[in-house]
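Enquirer: fold the stuff below for me.
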Amino acid sequence: MKSCAALIMSCLLLSSCATLPNSPTTNATLHGDAAHPIQTEDWLRTELYFGIGAIDDETHAINEMRWREFLDREVTSRFPAGLTVFDAYGQWREKNASTTERLHTKVLVLLCPDTPAQRADVEAIRLAWKKLSGDQSVLRATEHSDVSF
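Expert: Predicted coordinates for the structure are as follows:
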């Protein structure tokens, strides 16, 4: 009985060392081009928060088609390598206002090298949105980030 158990244990140990045919041997990192580096230095993660309309007043909201047009024209043209957008809920109190607005919100996440040109692109996006929407502000949060593709 002991020898049978030892044989089974040996088989299990040996089978755990075997490599399956066609199993991937690379790691999760994309070995790509300059836009998709293996490692980065001096990259930024920037989040922009866009109020697209009051929750209590759907009539003045920026609809999905208008948002996508803005995204294509102002954002994708400046950051063609990629971006992330997600829907959120936000609250905002305008200057000198007594109440807080509850807003449908789009959050845009950009990862890019920290260059003067890229920072200027982010500011151009913020200004374009303020012009389109009439909003007082587009919240920007930026931090240094290590990324790998």
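Enquirer: just the element for the nearest residue to T105 once chain neighbours are set aside, please.
Expert: Of all residues not flanking T105 in the chain, G90 sits nearest, at 3.9 Å (Cβ to Cβ, 6 or more residues apart in numbering). C-beta: built from backbone N, CA, C; applies to glycine. Assigning secondary structure by DSSP states H and E places G90 in strand 84-92.
Enquirer: could you give the average pLDDT over that strand?
Expert: For strand 84-92, mean pLDDT is 94.
Enquirer: what residues sit buried inside that strand?
Expert: G90, W92 (16 or more other Cβ atoms under 10 Å).
Enquirer: strand partners of it, parallel vs antiparallel please.
Expert: strand 101-113 (antiparallel) (DSSP bridges).
Enquirer: flag every buried residue along the strand it pairs with.
Expert: E101, L103, H104, T105, K106, V107, L108, L110, L111, C112.
Enquirer: hang on, isn't the first one packed against Y89?
Expert: This means E101. No. Taking contacts as Cβ atoms under 8 Å, E101 lies outside contact range of Y89: 11.4 Å.
Enquirer: neighbouring contacts of the strand holding G90?
Expert: 49, 51, 55, 71, 100-109, 137 (Cβ atoms under 8 Å, 6 or more residues apart in numbering).
Enquirer: chain center to that strand: distance?
Expert: Distance of strand 84-92 from its chain centroid, counting by Cα atoms, centre = their mean, to the nearest Å, is 12 Å.
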